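Undergrad: What shape does this take:
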Amino acid sequence: MYATVDDLDIFFGSDEMGVFDTARKEAILSSVSGYMDSFLGSYYSTPLDLTDKPANTVNLIKHICCGLARCQLHDDVNSNGFETLQRSCDSANNMLDKIKSGEIRLQGLTIKPVILHHQNTRLFSIVSES
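TA: You can find the predicted model right below:
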């Protein structure tokens, strides 16, 4: 998982996150991490190994994960605060789209090699450094 239950409390406060069951939060964080991998896997080997990576990369991944988890936790949100929550959800998804397109690169992580094939024949490999 790219974030922990404690990270949710840090980002959004224990008052907001304390109303949710810990097991539910862990399950959603796990699910969201898998969702993120479907985007991150376009450029990086997943799951990401964030050990000893730059703090800005680790914090970005945690922030996206927590933001998406918050959206899932509040799936029953009524109209109060919905616009703010929706902007947060949209922002997290937009960041994933930018990572997937290569517009945003994650510092400290190596881009995985891309092998191009044509009619089951390997043409060449491209290896790009971040």
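Undergrad: any idea of the pLDDT on the closest residue in space to residue 61 that isn't next to it in sequence?
TA: Nearest residue to residue 61 in three dimensions, chain neighbours excluded: residue 2, at 5.0 Å (Cβ to Cβ, 6 or more residues apart in numbering). In short, each C-beta sits where N, CA and C put it, glycine included. On pLDDT, residue 2 comes in at 97.
Undergrad: go on, residue 12?
TA: 91.
Undergrad: do residue 123 as well
TA: 50.
Undergrad: hmm, back to that, and the residue nearest to residue 61, what does it touch?
TA: 29, 32, 33, 36, 47, 48, 50, 61, 62, 64, 65 (Cβ atoms under 8 Å, 6 or more residues apart in numbering).
Undergrad: ok, and residue 69, which helix or strand is that part of?
TA: helix 55-73 (DSSP states H and E).
Undergrad: Buried residues in that helix, which are they?
TA: 57-58, 60-73 (16 or more other Cβ atoms under 10 Å).
Undergrad: With stretch 33-40 instead?
TA: Here stretch 33-40 shows 33, 35, 36, 39, 40 as buried, counting by 16+ other Cβ under 10 Å.
Undergrad: so what secondary structure elements neighbour the helix or strand hosting residue 35?
TA: In the assignment (DSSP H and E), residue 35 maps to helix 22-40. Contacts defined by 3 or more Cβ pairs under 8 Å, 6 or more residues apart in numbering; DSSP states H and E place helix 22-40 against helix 5-12, helix 55-73, helix 82-101.
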